[in-house]
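Asks: Sharing a model prediction with you, sequence too.
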Amino acid sequence: MEKRVINPWKWQNERSYNQAVEVKNPQGTLYISGQTAINAEGISSNENMESQLKLAIQNLEQVITEAGYECSGIVTLTIYTTATSELWPHFNILQEWIAKHNIQQATTLMEVKSLFETVKVELEATVVK
């Protein structure tokens, strides 16, 4: 797989994303449903944003790993949240995870009216290898 990042500007670097990612010759593409703070028993979290973000990241990583892919292969990441004001103080958690796995992705962030049950954040990704 060949991956090329396109950034006409530099300001997005501080926000841990890219304007575009081109992929050539992938061996596979994995489209992942939104991962949230739902535990292994299927119970939605009613905890704070920080706890929910950590569990959503953990669930996303587990799906990627069990599919035989690597987090570094994430090329798009869509973040849905019910409150950006609650997400911002904990955004460094996501940025540190992105840096840890050397992820180079295009990202979209959306504040939505509601998510499933008591969920406050959801992460949807496309991964290539």
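Replies: Here it is on my side, so go on.
Asks: For the rest of this, base every contact and every neighbour count on C-alpha atoms.
Replies: Noted.
Asks: quick one: the strands in the protein?
Replies: 2-6, 20-24, 29-35, 74-81, 106-111, 121-128 (DSSP state E).
Asks: The fourth one - which strands sit beside it in the sheet, and in what orientation?
Replies: When you say that, I think you mean strand 74-81. As defined by DSSP bridges, the strand partners of strand 74-81 come to strand 106-111 (parallel), strand 121-128 (antiparallel).
Asks: Buried deepest among the ones you listed, which one?
Replies: Using mean count of other C-alpha atoms under 10 Å, the stretch among these with the largest mean neighbour count is strand 121-128, at a mean of 22.
Asks: buried sites along the helix or strand bottoming out on mean pLDDT in the chain?
Replies: Sorting the helices and strands of the chain by mean pLDDT, DSSP states H and E puts strand 2-6 at the bottom, at a mean of 90. Residues K3, V5 are the ones in strand 2-6 that count as buried (16 or more other C-alpha atoms under 10 Å).
Asks: which residues are contacting that strand?
Replies: Under the contact criterion C-alpha atoms under 8 Å, 6 or more residues apart in numbering, strand 2-6 has outside partners N18, Q19, A20, V21, E22, V23, K24, N25, P26, Q104.
Asks: Name whatever forms a beta bridge with the fifth one.
Replies: On the basis of DSSP bridges, E22 is bridged to R4.
Asks: who touches it in this structure?
Replies: Per C-alpha under 8 Å, 6+ apart, neighbours of E22: K3, R4, V5, I6.
Asks: Any figure for the gap between I6 and V75?
Replies: 12 Å (C-alpha to C-alpha, to the nearest Å).
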